[in-house]
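# quick one: sequence plus predicted model below, questions after.
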Amino acid sequence: MSLKLEFVIPPEALREIGLRAAQMIRDHARAGLGADGQPLKPYSEKPFARPLGGITQKARKNLGDQLTIFTTRQGKLWAIIEGGYKAFKRAAYPKDGDEVNLTATGNMARSITLISVSPDGTLVIGASRAEEAEKLLYHSELGAGKSRVIRDVMGLSEKEVEELAQMAAARVRLQ
């Protein structure tokens with residue numbers, strides 16, 4: 001016979017901690033900051049081409065002389081956007097400007113949530129929708145755009161981990 005002391009963090013407390021962690025990550029993204037608290041790498045200013053149909057009338061108007069429309073050999077209308085994705089984002093989402101904050105449509109940041117709490121207490125934070133999960137994967141690990149820019153949004157600072165640890169410590173109970 002051995003004496004054991006068991007400690008447990010109730011599942012509802014783990015859920016609260018996971019939701020708080022997801023909120024911290026969303027807050028970073030909206031503020032244009034990475035997990036380390038540093039500004040995310042800026043959007044590209046290199047000209048790029050895309051189908052004209054993928055550019056709204058409002059964005060076309062806002063791009064002005066930064067937009068050059070041409071017809072491909074196959075008869076499709078395309079456009080070159082001088083000023084790169086930075087100019088495109090500023091034109092397409094004027095309220096948002098050209099800051100890197102992963103909130104052009106809001107879907108990517110909104111999708112970051114607590115995915116699961118496993119029986120062993122492991123919390124999984126990720127995107128609730130597959131399309132947004134893929135975008136986050138490119139931004140955080142594989143690199144976004146032709147330049148494969150990494151923007152580390154899926155992480156927490158030491159200070160934030162400490163806050164979560166304090167939340168957990170406050171909810172520990174003896175079994």
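Looks like it came in fine. These numbers come from a predicted model, not from an experiment.
# quick one: list the elements packing against the helix ranked longest in the chain.
Longest helix in the chain by number of residues (criterion: DSSP state H): helix 11-31. On a contact count with 3 or more C-beta pairs under 8 Å, 6 or more residues apart in numbering; DSSP states H and E, helix 11-31 meets helix 107-111, strand 112-117, strand 123-127, helix 158-171. C-beta: built from backbone N, CA, C; applies to glycine.
# that helix vs strand 123-127, what angle?
Comparing the axes of helix 11-31 and strand 123-127 via axes from the mean of the first three to the mean of the last three C-alpha atoms, to 10 degrees yields an angle of 40 degrees.
# buried residues in helix 11-31?
The neighbour-count check on helix 11-31 (16 or more other C-beta atoms under 10 Å) flags Ala13, Leu14, Glu16, Ile17, Gly18, Ala21, Ala22, Met24, Ile25, Arg26, His28, Ala29 as buried.
# check contacts around the second one.
Meaning Leu14. Applying C-beta atoms under 8 Å, 6 or more residues apart in numbering, we find Leu14 in contact with Val117, Gly121, Leu123, Ala168.
# now neighbour count too, for those residues, in a markdown table please.
Listed next are these as a markdown table, based on neighbours: other C-beta atoms under 10 Å:
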| residue | neighbour count |
| --- | --- |
| Val117 | 17 |
| Gly121 | 12 |
| Leu123 | 17 |
| Ala168 | 15 |
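# which one of these is nearest Gln38?
Leu123 (24.6 Å; C-beta to C-beta).
# excluding chain neighbours, what is closest to that closest one?
Gly18 (4.1 Å; C-beta to C-beta, 6 or more residues apart in numbering).
# list the contacts of the one you found.
Applying C-beta under 8 Å, 6+ apart to Gly18 gives the contacts Leu114, Val117, Leu123, Val124, Ile125.
# sorry, back to before: among the helices and strands packed on helix 11-31, which comes closest to Gln74?
Nearest of the helices and strands packed on helix 11-31 to Gln74, taken as C-beta to C-beta: helix 107-111 at 31.1 Å.
# output the contacting helices and strands for that closest one.
Here helix 107-111 touches helix 11-31, helix 130-137, going by 3+ C-beta pairs under 8 Å, 6+ apart.
# mind putting those into TSV with distance to Gly83 and mean pLDDT?
Shown next, in TSV, are those (distance: least, C-beta to C-beta, whole Å; pLDDT from 0 to 100):
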stretch	distance to Gly83	mean pLDDT
helix 11-31	23	92
helix 130-137	22	88
